[in-house]
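K.L.:
I'd like to go over a predicted model; first the sequence, then the structure.
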Amino acid sequence: MFVLLIGIDLFFNLGTIQNDLNLFYAAAILFALRYGTIFGLISFGILLLYKVLYTGLMGGDIFLLFYDTNSLLTLFYYFAITVIVGLFSTSFRERYEISQFRNEELKDENTYLKETVDLLNTSQTTLRQKLLQSEYSLNQLYELAVSLDLPHPELIRSETIRLLKKTFLASDVAIYHVDRSQKSMRLLIRQTEKKEFPQTIFLDEASSMFKRFFQVQETTLRQLDDEDTDPMLLAPIVVDGQTREVVVIKRLPLRKLTTDDLHVLNILFSWIGTRVQNAENLIRKEQHEKMHKGTSFYKKEAFTELVAIQEQKKLHHGQPYIVLDYALGYEPVSLESIEAIVHSYLREIDVVGYDPEDNKLLLLLPGTSEEHRQRIYDRIEGILIQKGV
Amino acid sequence: MEKRTVISFSLFIVLFLVIVGAIQYLRIHSLHTLLPNVAEQQMNIDQLKSDASAKAGEHQLQIYLVRDEGDLAVGTADNLLRGLQYAKLDVREVSPGAVGSIAPSPYTIIIFTGEDSSRWPFVAMKRYVEQGGNLVFANRFKDPAWNALTGVEEIGEYVPDVYGLNFEETIFPGYVDLNPPDDLFVHSVVDFALVDEANVMLSAEGFPILWEYEVGEGNVLFWNTTITNQKMIRGLFVQTLGTMPPAFVTAQAAIKLMYIDDFPAPVMDGKMKDVSATPLDKSVKDFFAEDWWEDMVDLAKDDDVIYTGAMIGTYEEEMELVDEQLIKRGEFPMLYFGRKLIAHGGEIGLHGYNHQSLVTADEPIDPTYGYIPWKDKEEMKRSLLQAESVFANYFPAETLKSYVPPSNALNRTGVDAIAEALPELRTIASLYTGEPENGDFVQEFEFDATHPNLYHFPRVTSDYGEERGSIFQMVDAIANFGVFSHFIHPDDVIDPDRAFGRDWDTMFTSLRKIVHDVKDEYPHLEAYTQHYATEKLITYQQADLNVTFDESTVYLAGEGLVNPSHFTIRLKPGQSLETGEFEFGTIEQWEADRPLYLVTLTSANAEIAIKGEAQ
């Protein structure tokens, strides 16, 4: 701007700078007012230099600029005004900057406070949720306890599947029985629209997830390196300290489940084992009346009930079974000895009955298809003959 | 206020005070040595290139000055001779006995001085006039035998102490009528009764002072006075002479010069309202710095003048100060006023070590000055050298080129001292008119007879007043050869005897009117410092001018003429010149009752056609 002013002044030979009152000084003061002391002084310095040069250029006496009191006072006057105006401008600018800093600090503090309050709210909400969840979990536990308080393991298993579906939104659920050698698992009950669960799973051929499960014998979730066909969750049902059964869940919406839900799920799995054991004990106590004394051979009436139950399973769950009966050639001396022979060739889930009237040995083989009937019948018969029963 | 601002403010205050202190220290002590003054204005005194092939007319004006015996005759002849020469008129002195042989011609003028008509050849002069010659009687005389030539019908008694001078026609612009008690002119006249054909041009207190009278083919001018021996009539005499020939040309040096005496000089203490009629409540120093000088600068700018100052070292009478003391006293006036004077194109001349005129006890001086006479020339030289040392201290690149005598009093001892102490000094500027018997150093425009490098350039007028006698003198010098040289004293405003009760505004208004009128009436006068005015006037005087005439043409030619050169051309009533710009320069008409023109030449020769017939 000063270059322009000076250019105009020189071009038109106005000599404005030589006047005591001139636009140049006004411009310097305005500069000081707008941009502060430093720019004001720089402007004043430029004008002073121009005045000196112009005076020299026009043949004037530069010395008189500083010696002539009026000229000097004029320069000092404008210098002082420029400084004062500049200082006020700078002062206001500093005040503004300080206010701005304070404002920014307050904004930052407000942001922090807001975040803190949000965090507090979140914490409170979380705590409230925790509390609610806790209450909910207790309710769940109570409901589970009540639901699972059933007298028969089969009912417990069915209820378990129901609970898993209803409470934990699981689908494609099955429960397998683990044989004593822990080399295979036999399907006890399943709930699925697809027939995804095989009747028997041989652990040697099973996926690594099953192997891992049996190594730790704890609730196991499918991991990234597991196969896509592997179930989402495997959970043990422990009876007498041994994994007797395995809950296999193909689909479980883990994202929808809270930690408490999972905790409750674990309790459920533990609780199932206890309940199954209690039910078995109860059954065993009840069954004791239904068995021939000193054996685990059911009396005919009781055996018939078990077949009826199995028939219900077949009807509802499509689970096959076969019943085999062997007519014994002679009155057995001791049912206990026959039991010792037979049980070693039967599965744990297989049920043995004895009809003393017809002197028949009755076998109920759950999960066995009709197509294997003859082969199994022959094998058992062979054994009975071989053992001289 | 924020702490940071307080600190900044404090720093700036400290910085400000440091800067102020530094500048104040520098400006007092040595800044002027770091920042030298602007060099004195250089002015070119060019000369016109002469043209050998320039045409010339048949006629050339020739003036014969009859030098007679007697104080009046001698004084008048000496005086008129100077005036005619200043105007670059060709004048020859002849004795009364030789005048009868001069051939009559309209371009010939014979001037008789004195009053001893018995020595003049009446018959020859009558024939001379009747045959077309021009005759001037520069002093009054009583001789009925000459009445036929003078236009006198009846001769009365001598009348002394006739005051004033009244113009019956405008002879040259600017002249003012003088009336009693104005005592610039005090005539001794003869109570003449004139014939009706005599045309009175000047009068005083009812007496005819100058008239023209036609006799045959010729003209006669009769000065019924004794004032033609005074310098302040030279211009009027020259201009009235021009009414006689068919055409008349005078040269104009065209110089305008303004002096400020006692400037720069120490300024007295006190307040204006206490020491002057100017009711300002400020110190004398501040008044001169803020009011007086600013007014003077405005005047110079508005009315085209350049100032020549005349510095003095101290107002102390005795020469007791050593150089350092004198330099110290001159600090403010030399740095402030001196540098400003030069910065505005002016010149600093020398007034002296102090205000004691350079005269010894043996030389005359007005005793009312109360000056202590100088012991001898050597003491004067020491004082001059000491004053020069002050000047050299503040203006090391300049030299003193002009000298103005304190109180305009000087004598030969002083002139010698100046010439010897300051050999580079070129001009002594004292008074054009004055009283030598009271010590006034009255000068002509000429080189010093003893010191050929020294030129005398007298000041014609002075003071702030509009005193009519002073105006008359001013106009007369311009009418003579175009020189305006005026001086003032700054301290007049604080000197009750010289301010006459006037305040500064009144005095300045008067001064401004004078200078403004000069600019208006005589725009051809160019402003100079004394040094360049001297150089121009020397060039003017040394130039050869050749003015010739035909019946209808004026031929101007010259060698060594100043560029531009100025001339007045006076014609007979009924005749005129074409005005405007020409190849040779310009012509403009002046206001006068008879045709009067100012010609400005920018080439060395000109042919100027005269239009119309003389009535």
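P.N.:
Thanks, I have the structure now.

K.L.:
neighbours around residue 270, how many?
P.N.:
All of this refers to chain A. When counting by other CB atoms under 10 Å in any protein chain shown, one arrives at 15 neighbours for A:Ser270. From N, CA and C alone the C-beta is placed, and that goes for glycine too.

K.L.:
if you could check chain B rather than the one you did, that'd help
P.N.:
13.

K.L.:
ditto for A:Arg347
P.N.:
Using other CB under 10 Å: A:Arg347 sits among 16 other residues.

K.L.:
pLDDT score assigned to it?
P.N.:
We have a pLDDT of 80 for A:Arg347.

K.L.:
all helices for chain A, in order.
P.N.:
Assigned by DSSP state H, the helices in chain A fall at A:2-11, A:23-35, A:37-57, A:62-67, A:69-148, A:153-166, A:208-216, A:259-290, A:300-317, A:335-343, A:373-386.

K.L.:
pLDDT weak spots in chain A?
P.N.:
For chain A, applying pLDDT under 70 flags the ranges A:130-131, A:133-137, A:195, A:332-333, A:389.

K.L.:
in it, what residue sits furthest out from the centroid?
P.N.:
No residue in chain A sits farther from the centre than A:Gly59, which is 91.2 Å out by CA atoms, centre = their mean.

K.L.:
wait, what's in contact with that residue?
P.N.:
A:Gly59 makes contact with B:38, B:343, according to CB atoms under 8 Å, 6 or more residues apart in numbering or on different chains.

K.L.:
helix, strand, or coil at B:Asn219?
P.N.:
Three-state call for B:Asn219 (DSSP: H, G, I helix; E, B strand; the rest coil): strand.

K.L.:
compute the number of surrounding residues for the nearest residue to it once chain neighbours are set aside.
P.N.:
With sequence-adjacent residues excluded and distances taken as CB to CB, 6 or more residues apart in numbering or on different chains, B:Asn219 is closest to B:Met244, at 4.6 Å. Number of residues near B:Met244 (other CB under 10 Å) recorded here: 23.

K.L.:
contact partners for B:Met244?
P.N.:
B:109, B:134, B:136, B:212, B:219, B:221.

K.L.:
and it, which of the three is it?
P.N.:
Applying three-state DSSP: B:Met244 is coil.

K.L.:
tell me which parts of chain A are close to chain B?
P.N.:
A:37, A:59-64, A:66-70, A:72, A:76, A:79-80, A:83, A:87, A:90-91, A:94-95, A:98 (CB under 8 Å from any CB of the partner chain).

K.L.:
just the buried ones from those residues?
P.N.:
Using 16 or more other CB atoms under 10 Å in any protein chain shown as the burial test, the residues of chain A next to chain B include A:37, A:60-64, A:66-68, A:72, A:79, A:83, A:87, A:90-91, A:94 as buried.

K.L.:
leaving out chain neighbours, which residue sits closest to the residue in the stretch 251-400 of chain B positioned nearest to chain A?
P.N.:
As assessed by CB to the nearest CB, chain A sits closest to B:Ala343 within the stretch 251-400 of chain B, at 4.0 Å. Nearest non-adjacent residue to B:Ala343, counting by CB to CB, 6+ apart: A:Asp61, 4.0 Å away.

K.L.:
straight-line length of stretch B:98-109, end to end?
P.N.:
One end of stretch B:98-109 sits 14 Å from the other (CA to CA, to the nearest Å).

K.L.:
what average pLDDT does it get?
P.N.:
95.

K.L.:
stretch B:278-288 too?
P.N.:
Mean predicted confidence for stretch B:278-288 is 89.

K.L.:
who's in contact with it?
P.N.:
Residues from elsewhere that reach stretch B:278-288 (CB under 8 Å, 6+ apart): B:267-273, B:275-276, B:290-291, B:332, B:337, B:490, B:493-494, B:503-505.

K.L.:
for PyMOL, write the select line for the buried members of those residues.
P.N.:
PyMOL command restricting the contacts of stretch B:278-288 to the buried ones, with burial defined by 16+ other CB under 10 Å:
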select buried, chain B and resi 267+272+275+276+291+332+337+490+493+494+503+504
